[in-house]
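> dropping the sequence and predicted coords here.
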Amino acid sequence: MREIKFRVWDKDNKVMIFDFQDQIGIDLYGSIIRFYSVNDGDGYIDEMEEDISGRYHLQRYTGLKDKNGKDIYEGDYISVVGKYDPTEEIIDEVGYGEFEFEIPPFEMKAIGFYIQTKKMSKGDLLPGRYQDKMPFNSDIECTVIGNIYENPELLEEKSERD
């Protein structure tokens, strides 16, 4: 069984929070809520601010680690070398949700962690050369190189090898 843990991107402070269990939680409806204590004059009482989803973005841990032992989360950019060509570096984004993929001759639907190719070192993405989304599992050897919040430039810059 995989370890269940999360990290949170704080949009206001532009920081990733890993240890937040005493401050942020999820209610039964999937909204993100924040807990805090207020001194009411007679001591501290616990308060709750509901649905702060606009400020915080929750990301799930995949249960997998990269080849250097770093935890891989939803929203991470990973570098995969040799996915289609042994000399080519691919940048994939780790996501979570419903997706479709092919294992010829079958077309499949799934819900879970997937990777989606975002950038290739040898040029543009070519239709038919890759699947839009494919299951993310422990067979994929990769390195975490950033995430969608702290490193958006990874997709904006052209590779110097082009």
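Sure, I can see it.
> low pLDDT regions in this structure?
Within the chain, the segments meeting pLDDT under 70 span 1, 20-31, 33-53, 82-85, 121-131, 156-162.
> so residue 2 makes contact with residue 63?
Yes - with contact defined as C-beta atoms under 8 Å, residue 2 reaches residue 63; the gap is 2.9 Å. C-betas here are computed from N, CA, C, even on glycine.
> more neighbours: these two, which one.
The neighbour comparison of residue 2 against residue 63 (other C-beta atoms under 10 Å) goes to residue 63, with 15 against 9.
> was I right about the more buried one contacting residue 3?
Yes - proximity of residue 63 to residue 3 meets the contact threshold set by C-beta under 8 Å, at 6.2 Å.
> quick one, strands of the protein?
6-10, 15-17, 24-26, 32-39, 44-49, 56-65, 71-73, 76-81, 89-103, 106-120, 134-135, 143-147 (DSSP state E).
> for residue 155, which of the ones you listed is the nearest?
Judged by C-beta to C-beta, the one of these that comes nearest to residue 155 is strand 106-120, at 5.4 Å.
> for the closest one, name the packing helices and strands.
strand 76-81, strand 89-103, strand 134-135, helix 153-156 (3 or more C-beta pairs under 8 Å, 6 or more residues apart in numbering; DSSP states H and E).
> which parts of that strand are buried?
Buried positions in strand 106-120, judged by neighbour count with 16 or more other C-beta atoms under 10 Å: 113, 114, 115, 117, 119, 120.
> so which of the residues you listed comes closest to residue 79?
residue 119 (9.7 Å).
> just checking, that closest one touches residue 90?
Yes - counting by C-beta under 8 Å, residue 119 touches residue 90, with 7.3 Å between them.
> so what's residue 59 bridging to?
Here residue 59 sits in beta bridges with residue 7, going by DSSP bridges.
> mark out where each domain of this structure begins and ends.
6-56, 60-156 (automatic domain parsing).
> next one: residue 72 from residue 54, what distance?
26 Å (C-beta to C-beta, to the nearest Å).
> ok, these two, which is more surrounded?
Using other C-beta under 10 Å, the more surrounded residue of residue 72 and residue 54 is residue 72, with 21 against 9.
> surely that one and residue 66 touch.
Yes - using C-beta under 8 Å, residue 72 makes contact with residue 66 at a distance of 5.9 Å.
> what do those two both touch?
78, 142, 144 (C-beta atoms under 8 Å, 6 or more residues apart in numbering).
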